[in-house]
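Participant: After the sequence you'll find the predicted model.
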Amino acid sequence: MASSLFVINEWLPEDLIGANGWERQAESFKFLEILRDKPDRIAVLEGSPWMGKAYRLMRHQDRIIRMLSKYLHQSILVDSNKCLRLNQGELKSLPDEMKARSPSEDLYLVEVYYTAGASALITTDQKLLNALTTTGIHVESRDDFLKDYLLISN
């Protein structure tokens, strides 16, 4: 079975903390469960806004959110078979067109995608989605991606 490597923008920790409602929280947890059981991985950048949000989940006062965080960390982030963790110094320079088209606040996601040779960048950010559509980057919306990913796995 072929595996995929995904770069996921900050919707995942936002969903897990409940910022986007309980339905999205449940979908994101289901995604993590399926990811754990498939040969797929995610790629993240140490010290990024994404990782900052993921670490803040661990300190949340809500017990359920801390449990979701524990699952994310123990089942995904610390397992090299599930997560490729890059450091800033490992990032490759982007081609000028990609750099110019990428929104500055999301540039690190594009750099992770490019460096890791990821299969897809999954986002909720319409600005990012529109900016990257014609750059050769496989970019998908969260909802379209999860609809397929969760369905295929059932």
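Facilitator: It's in.

Participant: buried set for stretch 7-27?
Facilitator: The neighbour-count check on stretch 7-27 (16 or more other CB atoms under 10 Å) flags 7-18, 20, 24-25, 27 as buried. Placement of C-beta: from N, CA and C, glycine included.

Participant: Which ones among these map onto strands?
Facilitator: Residues of the buried residues of stretch 7-27 located in strands (DSSP state E): 7-8.

Participant: how about the buried residues of stretch 7-27, which pair is most distant?
Facilitator: Farthest-apart pair in these is Val7 and Gly18; separation 22.9 Å (CB to CB).

Participant: what's Lys127 in contact with, if anything?
Facilitator: Contact analysis of Lys127 by CB atoms under 8 Å, 6 or more residues apart in numbering lists Pro103.

Participant: mind checking the end-to-end distance for stretch 31-49?
Facilitator: Terminal residues of stretch 31-49 are spaced 21 Å apart (CA to CA, to the nearest Å).

Participant: Leu150 touches Lys30, doesn't it?
Facilitator: Yes. In this structure, Leu150 is within contact of Lys30 by CB atoms under 8 Å, at 5.8 Å.

Participant: Past the lengthiest helix in the chain, which element shows up next along the chain?
Facilitator: Secondary structure of the chain read by DSSP state H shows that its longest helix is helix 22-37. Per DSSP states H and E, helix 22-37 leads on to strand 41-45 as the next helix or strand towards the C-terminus.
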